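A.B. asks: Have a look; sequence and predicted model below, questions after that.
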Amino acid sequence: MPPKKIVAGNWKMNTDLQDAISLANTVIEGAEQMKAQAILCPPSLFLDPLVKLTAGSAIALGAQNCSFAEKGAFTGEIAASMIASVGAKYVILGHSERRTIFGEDNLTIQQKVSQALKNNLIVIFCCGETLEEREAGRVEEVITRQITEGLPTVIENPASNIIIAYEPVWAIGTGITASPAQAEEVHRFIRNLLKQQFGQIGADISLLYGGSCNAANAAELFAQENIDGGLIGGASLKAADFLTICKAFA
Ligand code: 13P
């Protein structure tokens, strides 16, 4: 099966309950002729009401993070099982903001991925280099480490349970997008890496691009051979832009 087309909106730490409901409602209303699986990733606090709101629609819900631990004395943390229990289906892990601001390393991320998979969540696994790493010619090395150390070595049905998002750190929230050719080059590299790690099924894993992807540039990015959709930050907070991106497939 060819990789599924997917567009996920990472709302990050934005919206309040009223904004979240109204944003999700507008996305639901505009969801016909969607050419990809649309996933909304609001702050976890709003997952439960939004799962209820989107029930019966084509929109799925995901969390932006989960704990590395199963349960217990981890004040302030949210377990993968809790996310699954409200009906969310996805979780973003390994985002560069989690890596840099919250000090998450590849091992922690691998533990989180394991928790998520154990609880039947589909993982949107983020990787990407900083500008410094790109300029030093280290893109492939950095991505290889993030993927081989951040993902468990054995994953059941990786094409159904894992989505990879390539998010060059220098493109996140900066308005500077990787050019379609730059993004495709890294996506092709990731595709080959996944085939090495998982065998031929690696060819079926969806690869999303993220980093200043918007309504104006999505179509050109999504037209690349190994780009199967996007992980959208800022532009996912505007329903009309997010819907345009969800339909930006040939
Ligand atoms: P922007 O689309 O705002 O650059 O954010 C990308 C991102 O980090 C999505 O996870």
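C.D. replies: In hand now; what should we look at?

A.B. asks: helix, strand or coil for Arg188?
C.D. replies: Here Arg188 is recorded as helix under DSSP: H, G, I helix; E, B strand; the rest coil.

A.B. asks: no wait, Ala165
C.D. replies: Applying three-state DSSP: Ala165 is strand.

A.B. asks: shouldn't it be in contact with Ser206?
C.D. replies: No - taking contacts as C-beta atoms under 8 Å, Ala165 lies outside contact range of Ser206: 9.1 Å. C-beta: built from backbone N, CA, C; applies to glycine.

A.B. asks: more crowded one of these two?
C.D. replies: Ala165 (26 against 22; other C-beta atoms under 10 Å).

A.B. asks: wait, what's in contact with the residue in the chain that the ligand sits nearest to?
C.D. replies: Ranking the residues of the chain by distance to the ligand (C-beta to the nearest ligand atom) places Gly233 first, at 2.2 Å. Counting by C-beta atoms under 8 Å, 6 or more residues apart in numbering, Gly233 makes contact with 10, 12, 172-173, 210.

A.B. asks: These: which ones sit near the ligand?
C.D. replies: 10, 172-173, 210 (C-beta under 6 Å from any ligand atom).

A.B. asks: Drop the exposed ones from those and show what's left.
C.D. replies: 10, 172, 210 (16 or more other C-beta atoms under 10 Å).

A.B. asks: Among the ones next to the ligand among the contacts of Gly233, name the ones in strands.
C.D. replies: Using DSSP state E, the subset of these located in strands is 10, 210.

A.B. asks: Dump the ones next to the ligand among the contacts of Gly233 to CSV, plus pLDDT.
C.D. replies: Compiled in CSV, the ones next to the ligand among the contacts of Gly233 are given as follows (pLDDT from 0 to 100):
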residue, pLDDT
Asn10, 98
Ile172, 95
Gly173, 94
Gly210, 98
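
A.B. asks: The residue of the chain positioned farthest from its centre and Ser236: what is the separation?
C.D. replies: Distance from the centre of the chain peaks at Ala73, with 27.9 Å (C-alpha atoms, centre = their mean). From Ala73 across to Ser236, the span is 34 Å (C-beta to C-beta, to the nearest Å).

A.B. asks: Okay, and the most centrally placed residue in the chain sits in which element?
C.D. replies: Centroid-nearest residue in the chain: Ile124, 3.9 Å away (criterion: C-alpha atoms, centre = their mean). Taking DSSP states H and E as the criterion, Ile124 maps to strand 122-127.

A.B. asks: And for the residue nearest to Ala55 when sequence neighbours are not counted, the neighbour number?
C.D. replies: The shortest distance from Ala55 to any non-neighbouring residue, by C-beta to C-beta, 6 or more residues apart in numbering, is to Gly87 (8.0 Å). Using other C-beta under 10 Å, Gly87 has 15 neighbouring residues.

A.B. asks: Met82 too?
C.D. replies: Using other C-beta under 10 Å, Met82 is surrounded by 18 other residues.

A.B. asks: Spatially nearest residue to Asn14, not counting backbone neighbours?
C.D. replies: In space, Asn14 is closest to Leu237, 5.8 Å off (C-beta to C-beta, 6+ apart).

A.B. asks: Ala239 - nearest residue in space that isn't next to it in sequence?
C.D. replies: Thr26 (3.6 Å).

A.B. asks: Would you confirm that that neighbour contacts Asp241?
C.D. replies: No - look at Thr26 against Asp241 with C-beta under 8 Å: they stay out of range, at 11.0 Å.

A.B. asks: who's more crowded, those two?
C.D. replies: Asp241 (18 against 15).

A.B. asks: quick one: what helix or strand has that one in it?
C.D. replies: In the assignment (DSSP H and E), Asp241 maps to helix 239-246.

A.B. asks: what is the mean pLDDT for that helix?
C.D. replies: Taken as a whole, helix 239-246 carries a mean pLDDT of 97.
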